[in-house]
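>>> My questions are about this predicted structure, shown below with the sequence.
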2 protein chains.
Amino acid sequence: MAEVESVRRCLRVFSLEARELSITESLPYLNGPQNPLQFYREWICPNRPCIIRNAFNHWPALEKWTFSYLRQVVGSREVSVAVTPNGYADAVYGDRFVMPEERQMTFSSFLDIVEKKVTRPGVFYVQKQCSNLTEEFSQLIDDVEPDIPWMTEALGKKPDAVNFWLGESAAVTSMHKDHYENLYCVISGEKHFLLHPPSDRPFIPYELYTPATYSVSEDGSFQVVDDQAAEQVPWIPLDPLKPDLQRYPSYAQLKPLRCTLKAGEMLYLPSLWFHHVQQSHGCIAVNYWYDMDFDIKYSYFQLLESLSKAVGHL
Amino acid sequence: MAEVESVRRCLRVFSLEARELSITESLPYLNGPQNPLQFYREWICPNRPCIIRNAFNHWPALEKWTFSYLRQVVGSREVSVAVTPNGYADAVYGDRFVMPEERQMTFSSFLDIVEKKVTRPGVFYVQKQCSNLTEEFSQLIDDVEPDIPWMTEALGKKPDAVNFWLGESAAVTSMHKDHYENLYCVISGEKHFLLHPPSDRPFIPYELYTPATYSVSEDGSFQVVDDQAAEQVPWIPLDPLKPDLQRYPSYAQLKPLRCTLKAGEMLYLPSLWFHHVQQSHGCIAVNYWYDMDFDIKYSYFQLLESLSKAVGHL
């Protein structure tokens, strides 16, 4: 037991030292398009987030993307909209990991809901992360860019996906991490991010859940329908906005980083960073997902995962 | 105990997976001066070694640095020479960590020994790692370069030290690691490297030793003189050429990488890689030490160190 306790201590010391070494209390701001090598060396390689201002001032989207313009250009397109009863898509609900109903509707019908011209049960969010900007909204790509040139040069590859996000204020992205280097650009409104570095992993609880999907009945009520024959999904049960510290006391040792990303600002969210996201009503954003490198840092993170499972919560 | 065993398993799996993910059986060869960004992304950031050919063909040293030229240009200079009875400077001997006698002599006297014009007890090695090329052999710097321009651009800084190495074939550098990104260039002869990635740390034994220094008596015999009031030094007791597997059985699970670096070749030896070095008699080399970045990879390595101490040998 003394050895296990000393392993736990190693993990606690690591998490603290990793923060002290490379993470500031609040996110640093950079200005303008970045030098690829310098950005790679100072932010991507050390896996540090930052906010970049004036990085996409030249995008027509910043001026053009009003709701009426979007109705005009892509209003008639059928798009995928995530619908949930409570705003939580891909999140733990009770003893299930519940995914949203993926509803097909015209973009105009979706905007009617966001603009409160009509009322429908549930919370609606265009958030399909399958490069929906290039797939579903291809008419809009010239208002932004198909990639961020200096990031493409830094990483030596094009983005895997360019996603378009537009949703209601009640729509929340529950805490999770992605295998991507992420450049997140707010076009209008505000996004609120709550972040944890990968080195916080030992303090962040994961549990296994049966996957399920929301389904809306004709009377407007939401059912939770279990996926057939699907494997259990590991997910984070903890809501960082109101963490259950009775159940997950070790989370109390962590200090999340918070930031609000305003229109015209770009967040560099490094791979494997945990993030929880909220937004102002009708916020429009575009993000670029570049595949991460599965290198020694990834192996180290895998070690952290397996150790966290081996010794339980700290 | 089950938990400790599972921590040991995590470390074994990590070490294996880290190798599979990013390390090839033998070192890859690159050709010519490198693109700074690409080299940073593909080798420095993922902490992977490689050998670069034709990277310093333009150095006059390759043609000029014969022993007679060196006698002519720096023969009268007083230089620091490491002298040991057995070729092992900075290595474990019995229950001591023994450093070499640092003898001041003219470079000509040293060359007399290397060229076997005179006989002296012990093994002689010019290996002083205090930027001795710029400090002790400044007349030679124009025959090489004060830095490697593409590496300086990649790292955004000049080297901390440029070292000159010339020694007898019996001189061995015992296994250790450095906090530097290292570019090692052989001018003449051959260097034989035996390498382990940092991810092998849990399998590599460390013990604490009382520091001592060799001292040659007038009769030519070597004494081991304990340093006064010095703290114990952690060092690797294992000789990878003839490992004591009875005592350190876990080392048998490791496969070292070996390479021979020939005249005109440059080794990129990443920070924190364990290395053991031998050489052909009279081999001349120059290396560039660039300070490493103490970033998240360093924090992860510190975790690995502390875990290795916490759970003992695997």
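Sure, I can see it.
>>> for residue A:119, phi and psi?
Residue A:119 adopts backbone torsions of phi -120, psi 130, taken as degrees, to the nearest 10.
>>> do residue A:295 as well
Torsion angles, degrees, to the nearest 10, at residue A:295: phi -110, psi -160.
>>> Quick check: nearest residue in space to it, chain neighbours excluded?
Nearest non-adjacent residue to residue A:295, counting by C-beta to C-beta, 6 or more residues apart in numbering or on different chains: residue B:46, 3.8 Å away. (Glycine included, C-beta is placed from N, CA and C.)
>>> do the same with residue A:23
residue A:197 (5.9 Å).
>>> so how many other residues sit close to that neighbour?
22 (other C-beta atoms under 10 Å in any protein chain shown).
>>> surely it meets residue A:21?
No. Using C-beta atoms under 8 Å, residue A:197 is not in contact with residue A:21, being 10.6 Å away.
>>> residues making contact with stretch A:135-149?
With C-beta atoms under 8 Å, 6 or more residues apart in numbering or on different chains as the test, stretch A:135-149 has contacts from A:33, A:55-56, A:59-61, A:64-65, A:70, A:73-74, A:77, A:79-80, A:107, A:128, A:133-134, A:158-159, A:162, A:164, A:183, A:185, A:187, A:286, A:288.
>>> can you pull the buried residues of the worst-scoring helix or strand of chain A on mean pLDDT?
In chain A, no helix or strand scores lower on mean pLDDT, DSSP states H and E than helix A:132-135, which sits at a mean of 87. For helix A:132-135, burial by neighbour count (16 or more other C-beta atoms under 10 Å in any protein chain shown) applies to A:132-134.
>>> ok, now stretch A:125-144?
Quick answer for stretch A:125-144 (16+ other C-beta under 10 Å): A:125-128, A:131-134, A:136-137, A:140, A:143-144.
>>> Put the alpha carbons of that stretch into CSV.
Backbone C-alpha positions of stretch A:125-144 (Å, rounded to 0.1, in the frame of the first residue of the first chain) are rendered in CSV as follows:
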residue,chain,number,x,y,z
TYR,A,125,-27.4,22.8,-32.3
VAL,A,126,-25.7,22.5,-35.6
GLN,A,127,-22.5,20.8,-34.4
LYS,A,128,-22.0,17.9,-36.8
GLN,A,129,-18.3,17.2,-36.7
CYS,A,130,-17.8,15.5,-40.0
SER,A,131,-16.4,18.5,-41.8
ASN,A,132,-19.9,19.8,-42.2
LEU,A,133,-18.7,23.2,-43.5
THR,A,134,-17.2,21.6,-46.6
GLU,A,135,-19.8,18.9,-46.8
GLU,A,136,-23.1,20.5,-45.9
PHE,A,137,-22.4,24.2,-46.3
SER,A,138,-20.0,24.3,-49.2
GLN,A,139,-21.4,27.6,-50.4
LEU,A,140,-20.0,29.2,-47.3
ILE,A,141,-16.4,28.1,-47.6
ASP,A,142,-15.3,31.1,-49.7
ASP,A,143,-16.4,33.4,-46.8
VAL,A,144,-13.8,31.8,-44.7
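>>> what ranges do the strands span in the stretch 201-314 of chain A?
A:207-216, A:222-226, A:233-235, A:257-262, A:265-269, A:274-279, A:284-291 (DSSP state E, counting those that start in this stretch).
>>> out of those strands, which comes closest to chain B?
Chain B lies closest to strand A:284-291 among the strands of the stretch 201-314 of chain A, at 12.1 Å (C-beta to the nearest C-beta).
>>> Only the buried residues of that closest one, if you could.
A:284-290.
>>> Could you do stretch A:270-289 as well?
A:270-280, A:282-289.
>>> and chain B, which of those reach it?
Checked against chain B using C-beta under 8 Å from any C-beta of the partner chain, the buried residues of stretch A:270-289 give no members in range.
>>> So which bits of the stretch 151-300 of chain A are right by chain B?
Contacts of the stretch 151-300 of chain A with chain B, taken as C-beta under 8 Å from any C-beta, map to A:153-156, A:198-199, A:293-300.
>>> Tell me which two of the residues you listed sit farthest apart.
For these, the farthest-apart pair by C-beta to C-beta is A:153 and A:199; their separation is 28.2 Å.
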